[in-house]
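A.B. asks: Provided below for reference: sequence and predicted model.
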Amino acid sequence: MLEAFRRGEFDQLEIIGQADEKEFFELCFREQMLEALAKTMPTKRKKEEVPKWFVLAANLSLKLHLENAYHAFERVVRCGGLLAALPPAIASKHLDPKTQQILLACQGFNDKNHYPRTTPCDHDFLRKFVLAVPATEWQAWFNGAVQRTFQAYGFFDPAGIFIGDGSYLFVPDNPAYEGSVVMWFNEHNHPVKYEELSPQERKRAHRERCYKLVSLLHLRGDGYVYAALAVVPGNAHEGPVLYELVEQLVKQVGRGVIKLLILDRGFIDGKNITRCKQEWGIDVLLPMKRKMDIWEDAWALGKRCPWQELAVPTPAPKPVPAQRPETIIRREAKRQKTLAANQAKEPPPDPATVRVRTEICPIQGFKSWSECGVPINVLLLRETYADGHQDQWALMDTRPVGPPTKNQYALRPKIEERHRLLKCFHDLSDFHSQRFNVIVAQVVFILLSYTLRQWQLWKFQQPELAGKTPGLLGRQLNLHSEYVVIYHQNAYTRMPLVTFSRELLEMPEEARAKALVKVRHLEQSFLTPLENLRAPP
């Protein structure tokens, strides 16, 4: 094949643009991950003609392509990497000798088809499969059997840091969305009571139909593992829902997996915090509300306790790469000098926004919170600004040794960053169906595909990509594994894109001219004709 290609003799070319997806599914098949997850996946099918592992793989492939509509399945199969990871007996590509077109041939999983198949199963079968399973069973599967599988594959690390939070999922204002509610939100998308707003605040408020996603996120080093989820109406309180998820997870994976639970003020619940500590051995770290009695007691005691200034570490300068040319170094130094001069010309910042000092006061062993049955350690924080005003806040922690730390609570926004990433780049709330079963299944498969992608990264020793967007992540993973498939005389081979480019450049002039004709034909098949891009009259 290579010798023929170097002579410019080949029939067709094809680019595999989702090589990272192929490696993803090859890893899942090699480690038997899909088989382990599909074994317990819920189904209402009386007869299992299409195996559950393929239904799971198809849904994961859709989510890896950021597709929530099932009618996109044929396109995803044709251009994605799932096909390359499947055995040829299920699906394969071949070159039609007459039309010179690349055709997709699938055998399917039964003998009922009397026409050529372009996908291993119909996209409507996938939709009906998901729709038939109740939403409660989808959530129970993810929060139960999936988490036991994660534990068996080492998804939870010994540090045991988990973060809980709730986030609103906005949908169109259509009452057909089952289980959704209508609420008022301010300009920051925080829920408000419209009747309590001032006239100016009402102008900025907006009305939204929504659900609420309550989730539990595990920080595995630089990676992320979704450990539990619940989709509820938007007006449901997230506190009881989250503590129920924590209890379910402890029942599934045992005590000791969750060591520290980091929460926001909305989850302050003395009875459940006591249960976390006494029944499940989980320490809870969360901020304190000003209206609590323990707030007044702590700050009254803080007046008699010593305070210490918190040193702010100076960020280390980025090292200059050894291979950077001297001209680039001089150019960068000149640029930094210009930036400093421009910054000196700008007016000074508002003193009310310039923090000059942060002081802390740790206090241990509080028992004045009557609702909580375990001692509470408190960290008082006092931030002084250039205009003299101070901001005060405090952290609570149930750990018996030492006060809570500000740096550890700084991990809590990690889950908010996941919310934004999933909503903006994974289309988490882009629901194509109003049925609650399908809505919950979509959330389950998105969080499952996201977690399995994280698993792929730490298996391949690429944890630095864990927080990247899907587009950047795909470009990084495809950098060394994007292939060009070459067809010739009922056979084919593939080579990395970089190797293909080198081979093309090193061809003799006559052979390269023949090859470029077919390359231009491939390029034209990818491009939209100019007349199709013109606006209609």
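C.D. replies: Looks like it arrived, so ask away.
A.B. asks: Once you drop chain neighbours, what's closest to Ile282?
C.D. replies: Leaving aside its sequence neighbours, Ile282 sits nearest to Cys276 (Cβ to Cβ, 6 or more residues apart in numbering; 4.2 Å). The way it works is simple: take the backbone N, C-alpha and C, and place the C-beta from them, glycine included.
A.B. asks: where does that neighbour land on pLDDT?
C.D. replies: We have a pLDDT of 96 for Cys276.
A.B. asks: sec struct for Asp200, please.
C.D. replies: Let me fix one detail, which is that residue 200 is Gln and not Asp. Classification of Gln200 by DSSP: H, G, I helix; E, B strand; the rest coil places it in helix.
A.B. asks: Check the gap between it and Ala352 for me.
C.D. replies: According to Cβ to Cβ, to the nearest Å, Gln200 stands 22 Å off from Ala352.
A.B. asks: When the two are compared, which one has more neighbours?
C.D. replies: Each of Gln200 and Ala352 has its neighbours counted (other Cβ atoms under 10 Å); Ala352 has more, 11 against 7.
A.B. asks: Which secondary structure elements does whichever strand in the chain runs longest sit against?
C.D. replies: In the chain, with assignment by DSSP state E, the single longest strand is strand 206-220. Strand 206-220 is packed against strand 161-171, strand 181-185, strand 223-233, helix 238-253, helix 413-425, helix 436-459, with contacts defined by 3 or more Cβ pairs under 8 Å, 6 or more residues apart in numbering; DSSP states H and E.
A.B. asks: what do you get if the cut-off is 7 Å, keeping everything else the same?
C.D. replies: Judged by 3 or more Cβ pairs under 7 Å, 6 or more residues apart in numbering; DSSP states H and E, the packing partners of strand 206-220 are strand 161-171, strand 181-185, strand 223-233, helix 238-253, helix 413-425.
A.B. asks: Next SSE downstream of whichever helix or strand Val130 is part of?
C.D. replies: According to DSSP states H and E, Val130 maps onto helix 123-132. Tracing the chain past helix 123-132, the next element assigned as helix or strand by DSSP H and E is helix 135-141.
A.B. asks: Residues touching the helix or strand following that following helix, excluding its own?
C.D. replies: For helix 135-141, the succeeding helix or strand toward the C-terminus, using DSSP H and E, is helix 147-152. With contacts defined as Cβ atoms under 7 Å, 6 or more residues apart in numbering, helix 147-152 is touched by 36-37, 156, 225, 227, 249, 252-253.
A.B. asks: hang on, the earlier thing: in the helix holding Val130, what's buried?
C.D. replies: Going by neighbour count (16 or more other Cβ atoms under 10 Å), the buried part of helix 123-132 is 123, 125-127, 129-130.
A.B. asks: Switch the contacts of helix 147-152 over to a markdown table; also include distance to Pro287.
C.D. replies: A markdown table is the format used below for the contacts of helix 147-152 (distance: Cβ to Cβ, whole Å):
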| residue | distance to Pro287 |
| --- | --- |
| Ala36 | 39 |
| Leu37 | 37 |
| Phe156 | 26 |
| Val225 | 24 |
| Ala227 | 22 |
| Leu249 | 23 |
| Gln252 | 29 |
| Val253 | 27 |
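A.B. asks: Who wins on neighbours among those?
C.D. replies: Counting neighbours by other Cβ under 10 Å, Ala227 leads the contacts of helix 147-152 with 30 neighbours.
A.B. asks: residues in contact with that residue?
C.D. replies: So Ala227 contacts 147, 162, 216-218, 249 (Cβ under 7 Å, 6+ apart).
A.B. asks: how close does it get to Lys63?
C.D. replies: Distance from Ala227 to Lys63, by Cβ to Cβ: 18 Å.
A.B. asks: Arg45 now?
C.D. replies: Distance of Arg45 to Lys63, computed by Cβ to Cβ: 21 Å.
A.B. asks: Tell me, please, the helix or strand in this structure that averages the lowest pLDDT.
C.D. replies: helix 530-533 (a mean of 36; mean pLDDT, DSSP states H and E).
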